[in-house]
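>>> Prediction below, plus the sequence it came from.
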Amino acid sequence: MGSTQLRFLELALQESLERREWVLLFHHIPLHPHAAPHEALLWDYADVLGLLHRYPHVLATLSGAGHETTPPLSTLTQHMQPHHYY
């Protein structure tokens, strides 16, 4: 993702928190290590997950990458917050 896009995401998450909005994050490249082989993950996935875990209003992230080796649909929901925000 890189530092510029990560900062953009952080600003968007902060703004949505202030507006009391729920967030669903849709992206192409898998973000969670349980969702795909390491070589298929976003290269800085740990930084992105660390950021997402700081914002309780992020409900889930969903990956749209599909290839012959893509896991079943149930594994494409890659990140879900276990707690309630509002």
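All right, it came through fine.

>>> Verify the stated contact: Leu51 with Leu13.
Yes: the criterion here is Cβ atoms under 8 Å, and Leu51 meets it with Leu13 at 7.2 Å. In short, each C-beta sits where N, CA and C put it, glycine included.

>>> between the two, which one's more packed in?
More crowded of Leu51 and Leu13, by other Cβ atoms under 10 Å: Leu13, with 19 against 16.

>>> Next, that one: secondary structure please.
helix (DSSP: H, G, I helix; E, B strand; the rest coil).

>>> Hmm, Val58 and it touching each other?
Yes: judged on Cβ under 8 Å, Leu13 makes contact with Val58 at a distance of 6.9 Å.

>>> which neighbours do those two share?
Contact criterion Cβ atoms under 8 Å, 6 or more residues apart in numbering; residues shared by Leu13 and Val58: 23, 52.
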